[in-house]
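Chemist: just coords:
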């Protein structure tokens, strides 16, 4: 009897909490179109549901108490409401969802910097565009907070993350990376994205070790309505105007969407970096019937910008971090000698076939074509000065390097030479220190030239054509199993040449290499010796690169109450080839430079698998592992594609093993994820170009412009990622993120040098790089932030971000035995302790930056006005984002003597991050 009474007593006490029939319901609609939104995630206590097609949701079986209900959907601002459950039904009514205006920051536009020889290879490899669509707090932090510091997720490049538009891969075949500017300025129509992180399953592609993103630009999937916006910034451009209109699905089954923008500026953060971009987008779709739809999309985003230079610390100390050596004044106007122009339209045709309620087949065709040009000044002009025994005499016109940071123009050179006017050199550089266009023109007008140009402005051009076709099949086998498969074919052709764009006051230019010894060796094309060229002519080099890729993947996914898992496999075949149109005088025999090369062919495969175990709705663990091989890119297949057909010796596919594991906590007010990751890359290949002193010995005779081929490279990436998000109140959110990584060379790869110099020899040898850090930006990054969202539709956020463990990119040549030998004989003055110090990798100083953002939305009748503003690096911190050792000092004596100077001539070159910058955007939606 006592047990019965006790049971009844406890039941009375706890009955309200256990048996209360709490129900929460509502409907979510787009604030602009007021149409219902499907798939909004609503979380309350441990229950999560998604809105139905009509935007409605219902949660029941909830316990009494005070809680926060959270509503989230990709591309929209998160909504949070405090509610008190007392056993009654709560109807939240109609909830307006506002688009996330923070996406208007235009993450695809960044300021690229580069040094003279390495071009874009050492520039920022921005991956933020892949991450902005992620719901993961850590990855979104990496996109919005870390990217300005050139942070790389897991220390990996963006070629490890395929980017697709309507199911077609857009990564450039030449180097494997996305060309963001091909669709830049079209934020409003590229927001619908599906992102798969890491080795997670993707419905569209096998993916890479950093995941995959598919941008959906179907006309029917773009939010209906119109918008106009104006933005102002001091980062890459100064102003942006953008207009977008989408019809939604009309009664006759048609849909269309149009968007256009203009981004422009006389300069970005760095001096002389003008920006001019126009972007146009059109997509039209016809729903033929319930089973078939056709969509056609065209994207045209021509753009050009002025580049900025990497500089030594000596230069930055004299001129500041905004300094850029590539520009100078001409006729009272700022003119940059290093401009990048991109005009590459994209055409897409997509067929969507819904076979039944469980099966779909998408077939996609894409064609991209156009040109990319990178300009620079050539100062090695020559002329024909009569003949000797009927053979033309080629004479150099004595052009000097016009770069104001050329080492002989700097005070450090004057100090080394013992000049008495070093102070005057310094003052001249501080007060002027820019490219002297007038001097360049005067150099071409000398009577001695006889109308030949010593200087000429030209473009390195690559005119690419790429055709792609694929089919993506997906079927739901049953309630628990889904099967995906795809097959894809891509054909790529790249026409590469140099083209004269400005003779700079001259009349003609002699197309020869003035540094070569004999007339034949001087010829860039023996088929047209001593050719005189003018504006618009092709010269220096001309060749075509082709690649064909056939690949496919298959994937099975299984979902159950307690566990989800998948497995996927891929198979591909890649073939590269070069065809030379010039017969270079230094590689004249047979097909060494003229005609077609051999066809290196690679067959590759991949396997990955993953599982998520759900202990409860709040506690989850997932794990992924994968092994894949991939063909070398075109960039790293030929040792010097500009002048010959030589394929890199012993070229092989990269092998990549990767694994990660995560614990996920989904609480009512706290969400957290901690991940551990590991990636091992084997047999990578890298080709680079630079001048080097001290190859095989000391002295001027041991100087050459070389191609450095680094093969059999092993790299190791491991670390921990953490993301936290705490909904303290309905309006205040705390968030934090951290990455603690370690990215290193994991072996001593093989290094080979080649050169155009007659008789040059440098046999393959080991480069002792093991345990040196990879130059991947900060390997440690931390972020702490606060966000306030007012019910009256305004919000504010602030973050402080900490960065550390960033390193300079080391020169592999100085880590070979060439560093210790004098033409094969060990240096008799070699000091091992000093050598160790000379070869110590530079570690950049740690730093922190504060970023603030804010926004406000208004509704006036049927119009919506959004204001967004952000300030990055509020405290104007100066910090290095990257840099590299110059390979100029290739041996112990050269490097020792240079480092002994108070101001080294060939010190490391650096990129600095931007100082305090802002972005302001005002938009009208209707």
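Modeler: Cool, the structure landed. Keep in mind that what you see is a predicted model, and the values were worked out from it rather than measured.
Chemist: what's the helix or strand hosting residue 686 packed up against?
Modeler: If you go by DSSP states H and E, residue 686 is part of strand 670-693. Under the contact criterion of 3 or more C-beta pairs under 8 Å, 6 or more residues apart in numbering; DSSP states H and E, strand 670-693 touches helix 137-141, strand 654-666, strand 703-727. For every residue, glycine as well, the C-beta is placed using N, CA and C.
Chemist: and the second one with strand 670-693, angle?
Modeler: Going back to what we said before, that points to strand 654-666. 150 degrees (axes from the mean of the first three to the mean of the last three C-alpha atoms, to 10 degrees).
Chemist: What of the last one?
Modeler: With the same axes, to 10 degrees as the criterion, the two stretches strand 703-727 and strand 670-693 enclose an angle of 170 degrees.
Chemist: Strand 703-727: what's the following helix or strand?
Modeler: The first helix or strand that comes after strand 703-727 along the chain, using DSSP H and E, is strand 732-745.
Chemist: The closest residue to residue 80 other than its chain neighbours: neighbouring residues, count only.
Modeler: Excluding its sequence neighbours, the residue lying closest to residue 80 (C-beta to C-beta, 6 or more residues apart in numbering) is residue 730, at 4.8 Å. Using other C-beta atoms under 10 Å, residue 730 is surrounded by 17 other residues.
Chemist: Please work out the average pLDDT along the strand holding residue 686.
Modeler: Across strand 670-693, the average pLDDT comes to 94.
Chemist: Now it: buried residues?
Modeler: 671-675, 677, 679-688, 690, 692-693 (16 or more other C-beta atoms under 10 Å).
Chemist: do the same with stretch 871-890
Modeler: Quick answer for stretch 871-890 (16+ other C-beta under 10 Å): 871-873, 879-890.
Chemist: which SS class is the closest residue in space to residue 615 that isn't next to it in sequence?
Modeler: Using C-beta to C-beta, 6+ apart and skipping residues adjacent in sequence, the residue nearest residue 615 is residue 621, 7.3 Å away. Three-state assignment for residue 621 (DSSP: H, G, I helix; E, B strand; the rest coil): strand.
Chemist: residues contacting residue 621?
Modeler: 612-613, 615, 661-664 (C-beta atoms under 8 Å, 6 or more residues apart in numbering).
Chemist: And for residue 312?
Modeler: Residue 312 touches 405, 904, 906-910, counting by C-beta under 8 Å, 6+ apart.
Chemist: same question, residue 360
Modeler: So residue 360 contacts 352-354, 473-475 (C-beta under 8 Å, 6+ apart).
Chemist: Name the member of the residues you listed that has the highest neighbour count.
Modeler: The most neighbours of any of these, using other C-beta under 10 Å, belong to residue 352, which has 22 neighbours.
Chemist: Residue 194 versus that one, what's the distance?
Modeler: 15 Å (C-beta to C-beta, to the nearest Å).
Chemist: Then residue 910?
Modeler: 38 Å.
Chemist: returning to what we had before: CSV please, covering the contacts of residue 312 and showing secondary structure, pLDDT and distance to residue 220.
Modeler: Below are the contacts of residue 312 laid out as CSV (DSSP: H, G, I helix; E, B strand; the rest coil; pLDDT from 0 to 100; distance: C-beta to C-beta, whole Å):
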residue, secondary structure, pLDDT, distance to residue 220
405, coil, 96, 53
904, coil, 93, 61
906, coil, 94, 58
907, coil, 94, 57
908, coil, 95, 53
909, strand, 95, 50
910, strand, 95, 48
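Chemist: Closest one of the contacts of residue 621 to residue 303?
Modeler: Top of the list for closeness to residue 303, among the contacts of residue 621 and by C-beta to C-beta, is residue 662 at 38.2 Å.
Chemist: from memory that closest one sits against residue 720, does it?
Modeler: No. Here residue 662 does not reach residue 720: they are 10.3 Å apart, not a contact under C-beta atoms under 8 Å.
Chemist: anything in contact with each of these two?
Modeler: In contact with both residue 662 and residue 720: 674-676, using C-beta under 8 Å, 6+ apart.
Chemist: Now flag whichever of these is closest to residue 162.
Modeler: Among the shared contacts of residue 662 and residue 720, residue 675 lies closest to residue 162 (C-beta to C-beta), at 20.9 Å.
Chemist: thinking again about what came up before, just the buried ones from the contacts of residue 621, in ChimeraX syntax?
Modeler: Those of those that count as buried under 16+ other C-beta under 10 Å are selected in ChimeraX with:
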select :612,662,664
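Chemist: got the contacts of residue 621 as TSV, with pLDDT and distance to residue 914 columns?
Modeler: Shown next, in TSV, are the contacts of residue 621 (pLDDT from 0 to 100; distance: C-beta to C-beta, whole Å):
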residue	pLDDT	distance to residue 914
612	96	39
613	96	43
615	93	44
661	97	36
662	97	33
663	97	36
664	95	34
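Chemist: how about the contacts of residue 621, which pair is most distant?
Modeler: 615 and 661 (14.4 Å).
Chemist: can you map out the strands along the stretch 51-200 of the chain?
Modeler: All strands of the stretch 51-200 of the chain, identified by DSSP state E, counting those that start in this stretch, fall at 56-62, 65-72, 79-85, 89-97, 113-114, 163-165, 168-169, 193-197.
Chemist: who wins for proximity to residue 540 among those strands?
Modeler: Nearest of the strands of the stretch 51-200 of the chain (C-beta to C-beta): strand 113-114, 19.7 Å.
Chemist: what's across from the nearest residue to residue 620 once chain neighbours are set aside in the sheet?
Modeler: Using C-beta to C-beta, 6+ apart and skipping residues adjacent in sequence, the residue nearest residue 620 is residue 664, 4.3 Å away. Taking DSSP bridges as the rule, residue 664 bridges to residue 620, residue 673.
Chemist: Thank you, goodbye.
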